[in-house]
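Student: just coords:
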């Protein structure tokens with residue numbers, strides 16, 4: 001190896017420099033880099049200084065005052081936040097996500113799973129961050145308020161963050177579980193992209209988290225033994241969701257559910273959801289008035305849900321009802337309990353219906369509720385004007401101790417075999433008797449939830465026009481029919497199965513209007 005000065009040089013480009021020259025160049029480069037960094041820090045400091053500067057524009061000051069800020073809080077940063085809040089209030093999902101990022105707890109556990117804010121309706125962004133164990137959360141609102149969607153999403157989040165907890169979802173009637181809450185939980189799993197993490201089974205109806213073995217149980221309150229007999233493979237049930245809480249038989253039944261399900265473990269999450277019943281005397285509406293520092297009530301309505309989530313048809317239907325029947329709109333879509341008593345039908349118009357008026361009725365619907373004695377046979381003939389959502393009673397035939405052959409003959413003699421008759425499906429032989437007599441008879445679909453949907457549909461019409469001289473039985477039943485009451489006289493949401501024969505016949509006659517696919 002030869003020595004010499006050339007060995008102290010390094011090749012750079014097409015020339016050469018000594019190591020001393022290279023060090024000097026690097027030193028100068030370092031100084032330049034430090035100056036550049038200083039400039040960057042200075043720009044950052046300038047931006048911070050501007051943000052922390054006081055607002056002087058009177059227009060901006062007025063905006064911040066309207067948001068409740070005092071003089072010390074009126075900085076340029078506040079204007080930026082106010083602008084973001086304005087977009088959040090419009091339902092801008094990107095703004096909601098950014099708001100969530102700004103306001104969430106910076107000390108949160110990085111390993112925890114959190115619901116993306118973009119998936120939440122505007123009414124649920126704040127409450128989502130505030131939910132804590134051992135507090136009862138009640139979500140109430142009208143149609144399209146997203147309350148069930150939010151609770152379903154929250155249950156998945158809580159399961160992911162509490163691996164020793166299981167969940168239980170209940171409704172009044174077990175037969176309604178599959179097409180409602182079971183489908184809702186499956187939807188939440190899918191939209192969160194967790195299909196591969198859960199296993200869904202119909203029999204027994206449950207959803208299992210594969211990695212941990214956690215289970216979401218589904219039970220109907222109509223079989224208390226199945227509710228009490230749940231045995232978890234480990235841990236405990238720490239999450240309870242009572243969907244359609246207003247259908248329960250009162251506060252006593254709700255306490256029984258809590259006691260049966262939420263046992264063991266120091267922490268428990270208790271959720272309820274429902275559309276507020278119309279009657280202010282209903283037990284859930286009265287319960288809200290009782291102070292309870294361990295309860296949080298969250299109210300919501302469709303107007304705070306992104307319109308694209310609901311669809312054009314939903315919005316148009318809501319706006320139409322708002323125009324033609326504001327009271328029904330306020331109850332059904334805004335979730336307002338605006339009924340004064342226990343009466344189910346507050347939309348009855350009592351007046352004469354003339355022969356001339358009937359001669360112009362084109363759409364005729366007919367229904368039968370089977371009976372013999374003591375329950376009577378009940379037939380109704382109706383006209384329903386769908387655009388105005390108005391129902392007219394044309395005629396009725398209510399009688400005891402008459403065979404199917406005799407009631408069929410009476411209907412034919414009155415000339416009412418011109419339109420089909422929808423009959424109670426509980427008696428297929430009676431339907432066959434009518435067909436053999438030459439009557440166009442068809443069975444009602446009915447099914448779990450059909451009574452509730454049918455009654456709510458009738459109660460939500462703009463008007464039910466009844467002429468007592470033409471249909472005295474229908475007049476008496478519709479005007480006197482009230483919600484069920486518990487032993488203390490409190491109104492509950494159930495419908496009494498008594499003195500409702502023409503009401504049931506009317507439900508069957510109009511079933512096509514509310515029994516759309518999946519309605520029940």
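Tutor: Nice, thanks for sending it over. This structure is a prediction, so every number in the text was calculated from the model and none was measured.
Student: Residue 352 is in contact with residue 469, correct?
Tutor: Yes - applying CB atoms under 8 Å, one finds residue 469 in contact with residue 352, separated by 7.4 Å. For the C-beta atoms, the positions are set from N, CA and C on the backbone; glycine is no exception.
Student: Just give the number of residues close to the closest residue to residue 152 other than its chain neighbours.
Tutor: Among residues not flanking residue 152 along the chain, residue 188 sits closest, at 3.9 Å (CB to CB, 6 or more residues apart in numbering). Per other CB atoms under 10 Å, the neighbour tally for residue 188 reads 23.
Student: And residue 511, by the same measure?
Tutor: The local packing of residue 511 (other CB under 10 Å) involves 21 other residues.
Student: now do residue 80
Tutor: 11.
Student: Okay, now the unreliable bits of the chain?
Tutor: The chain contains residues with pLDDT under 70 at 1-45, 91, 93-94, 97-110, 340-341, 488-489, 516-520.
Student: Where does the record place the domain boundaries for it?
Tutor: Following automatic domain parsing, the chain resolves into domains at 58-103, 117-306, 348-514.
Student: For the residue nearest to residue 404 when sequence neighbours are not counted, list the residues it contacts.
Tutor: Nearest-residue entry for residue 404: residue 433, 3.9 Å, with adjacent residues in sequence omitted and distances by CB to CB, 6+ apart. Shown in contact with residue 433 (CB atoms under 8 Å, 6 or more residues apart in numbering): 404, 405, 408.
Student: From those, keep the buried residues only.
Tutor: 404, 408 (16 or more other CB atoms under 10 Å).
Student: Now distance to residue 96 and secondary structure too, for the contacts of residue 433, in JSON lines please.
Tutor: Shown next, in JSON lines, are the contacts of residue 433 (distance: CB to CB, whole Å; DSSP: H, G, I helix; E, B strand; the rest coil):
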{"residue": "404", "distance to residue 96": "61", "secondary structure": "helix"}
{"residue": "405", "distance to residue 96": "66", "secondary structure": "helix"}
{"residue": "408", "distance to residue 96": "61", "secondary structure": "helix"}
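Student: Can you tell me which of the contacts of residue 433 lies closest to residue 444?
Tutor: Nearest to residue 444 among the contacts of residue 433, counting by CB to CB, is residue 404 at 16.6 Å.
Student: Just to check, the closest one is in contact with residue 430?
Tutor: Yes - shown here, residue 404 and residue 430 form a contact pair, counting by CB under 8 Å, at 5.3 Å.
Student: give me the number of residues near residue 71?
Tutor: For residue 71, the neighbour count with other CB under 10 Å is 10.
Student: show me where the stretch 101-250 of the chain has strands.
Tutor: Using DSSP state E, counting those that start in this stretch, the strands of the stretch 101-250 of the chain run over 136-141, 165-171, 198-201, 206-209, 215-220, 236-243.
Student: Relative to residue 452, which of those is closest?
Tutor: strand 165-171 (11.0 Å).
Student: by contact count, what packs against that closest one?
Tutor: Contacts defined by 3 or more CB pairs under 8 Å, 6 or more residues apart in numbering; DSSP states H and E place strand 165-171 against helix 147-161, strand 215-220, strand 236-243, helix 251-261.
Student: In TSV: the contacts of residue 433, plus distance to residue 172.
Tutor: Formatted as TSV, the contacts of residue 433 follow (distance: CB to CB, whole Å):
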residue	distance to residue 172
404	34
405	39
408	37
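Student: Can you list phi and psi of residue 267 for me?
Tutor: Main-chain torsions, residue 267, degrees, to the nearest 10: phi -120, psi 140.
Student: Looks like it contacts residue 238 (just checking).
Tutor: Yes - under the criterion of CB under 8 Å, residue 267 makes contact with residue 238 at 6.0 Å.
Student: Compare neighbour counts for those two and give me the winner.
Tutor: The residue with more neighbours, out of residue 267 and residue 238, is residue 238; 26 against 14, by other CB under 10 Å.
Student: do you know how far the spatially closest residue to the more buried one that is not a sequence neighbour is from residue 258?
Tutor: Leaving out its chain neighbours, the residue that sits closest to residue 238 by CB to CB, 6+ apart is residue 165, at 3.7 Å. As judged by CB to CB, to the nearest Å, residue 165 and residue 258 stand 16 Å apart.
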